[in-house]
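**Student:** Any chance you could fold what I've pasted below:
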Amino acid sequence: MKKILVMNGPNLNMLGIREKGVYGVKTLDEINDFICGQAEGLDVELEFFQSNHEGALIDKLHDAYGRKDGVILNAGAYTHYSYAIRDAISSISIPCVEVHLSDIHAREEFRHVSVIADVCIAQICGKGEQGYIEALKILLEEKQ
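**Tutor:** Numbering: from 1, shown residues only. Alright, predicted model coming up:
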């Protein structure tokens, strides 16, 4: 059984409230429930974590070392400038898939750059909650 950590960064706790035209109307809990429903029957154990704090996200990544087989990460705004999260991903040697609900490449120019993309095995953008399922499938196909 693969153990997958699903991590969400800053402001994602406000899904369903903030910028519904960009992020949709579902709350983070509803998205997590959707992921669980889609994972039902698969040989996977999911853990969910959200924090608005960079250090907490880094600590959770470090904690995953030796305990998780993969990470799905929506780092929110940290995607664009957190070299600390980038370094945490590269230091744990666990396959990580970067996910964004919106298409970061079709938004403001500062969102076009991801400093974590080159330490992740894939980047999925603009597919809403379905992006998490695509990330899960990628990680489940990944060799141990």
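**Student:** Show me where this structure has its strands.
**Tutor:** 2-8, 44-50, 70-74, 96-100, 122-125 (DSSP state E).
**Student:** now those strands in CSV, with mean neighbour count, mean pLDDT and distance to Ile138?
**Tutor:** From N, CA and C alone the C-beta is placed, and that goes for glycine too. Formatted as CSV, the strands of the chain follow (neighbours: other Cβ atoms under 10 Å; pLDDT from 0 to 100; distance: least, Cβ to Cβ, whole Å):
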stretch, mean neighbour count, mean pLDDT, distance to Ile138
strand 2-8, 22, 98, 11
strand 44-50, 17, 98, 12
strand 70-74, 25, 98, 8
strand 96-100, 25, 97, 5
strand 122-125, 18, 97, 5
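**Student:** mind putting those in CSV, distance to Leu57 included?
**Tutor:** Below are the strands of the chain laid out as CSV (distance: least, Cβ to Cβ, whole Å):
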stretch, distance to Leu57
strand 2-8, 6
strand 44-50, 8
strand 70-74, 8
strand 96-100, 12
strand 122-125, 17
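**Student:** how near is the residue nearest to Ile116 when sequence neighbours are not counted to Gly131?
**Tutor:** With sequence-adjacent residues excluded and distances taken as Cβ to Cβ, 6 or more residues apart in numbering, Ile116 is closest to Arg86, at 4.9 Å. Separation of Arg86 from Gly131 (Cβ to Cβ, to the nearest Å) stands at 20 Å.
**Student:** again, but for Pro10
**Tutor:** For Pro10 relative to Gly131 (Cβ to Cβ), the value is 18 Å.
**Student:** Grab the most central residue of this structure for me.
**Tutor:** Centroid check for the chain by Cα atoms, centre = their mean gives Leu73 as the closest residue, at 1.9 Å.
**Student:** How about that residue: what's its closest non-neighbour residue?
**Tutor:** That would be Met7: by Cβ to Cβ, 6+ apart, it lies 4.8 Å from Leu73.
**Student:** ok, now which ones touch that neighbour?
**Tutor:** 49-50, 57, 60-61, 71-75 (Cβ atoms under 8 Å, 6 or more residues apart in numbering).
**Student:** Let me see the contact set for the spatially closest residue to Val97 that is not a sequence neighbour.
**Tutor:** Counting by Cβ to Cβ, 6+ apart, Val97 lies nearest to Ala135, which is 3.8 Å off, once chain neighbours are set aside. Applying Cβ under 8 Å, 6+ apart, we find Ala135 in contact with 72, 97, 99, 122, 124.
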